[in-house]
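Chemist: Next comes the sequence, and after it the predicted model I'd like to discuss.
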Amino acid sequence: QVHLVESGGGLVQAGGSLRLSCAASGGTMRTYTMAWFRQAPGKEREFVATIIWSDSSTYYLDSVKGRFTISRDNTKNTVYLQMNSLKPEDTAVYYCAARRGTVVLLTDYDNWGQGTQVTVSS
C-alpha cells in the first residue's frame, strides 16, 4: 500500500491555471499506475487522467484533453496534474489514486488520497 497526499487546490477564475501535486510514500511510486479523479457536488466520482507505470503513457477524460496534463517525477515520488484554461464545470474535489502495476478497470485503483478542493469561478 502507498500513502497519497494531494495539494495545490484552491480558488481560481475561469481561464486560470492550477497545478495539483500528489506525494506518495510507503511504496515505490515508479511501479504504480497513477491517476486523478474528481467528484463534483451531487455527482459521482469520475476519472480525469492516468499515467501508466511502465511507459508513462497518458490517458484523459475527453472534456479535459488539451487543457490538463498529468506527469510524474519518480525521483520525488510525486505525480502532478497541470490544469489550464479552467472552467466552472471543473469545480470538484480532486483525488489522487494509485494501483501497483497494470490497471484494467477504473475500479482497480486501491490507494486513494484525501482529496483537494478546486473551485473555478465564472
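Modeler: In hand now; what should we look at?
Chemist: Show me the beta-bridge partners of the spatially most central residue of the chain.
Modeler: Against the mean C-alpha coordinate of the chain, by Cα atoms, centre = their mean, the closest residue is residue 36 at 2.3 Å. Bridge pairing for residue 36 (DSSP bridges) gives the partners residue 49, residue 96.
Chemist: For it, give me its contacts.
Modeler: 20, 22, 48, 49, 50, 70, 79, 81, 94, 95, 96, 97 (Cβ atoms under 8 Å, 6 or more residues apart in numbering). Every residue, glycine included, has its C-beta placed from N, CA and C.
Chemist: Which of those sits closest to residue 119?
Modeler: residue 94 (10.8 Å; Cβ to Cβ).
Chemist: Can you say which helix or strand has that closest one in it?
Modeler: Per DSSP states H and E: residue 94 is located in strand 92-100.
Chemist: Name the residues that touch the helix or strand that that strand is followed by?
Modeler: Using DSSP H and E, the helix or strand that directly follows strand 92-100 along the chain is strand 111-112. Residues outside strand 111-112 that contact it (Cβ under 8 Å, 6+ apart): 1, 2, 3, 4, 32, 95, 96, 97, 98, 99.
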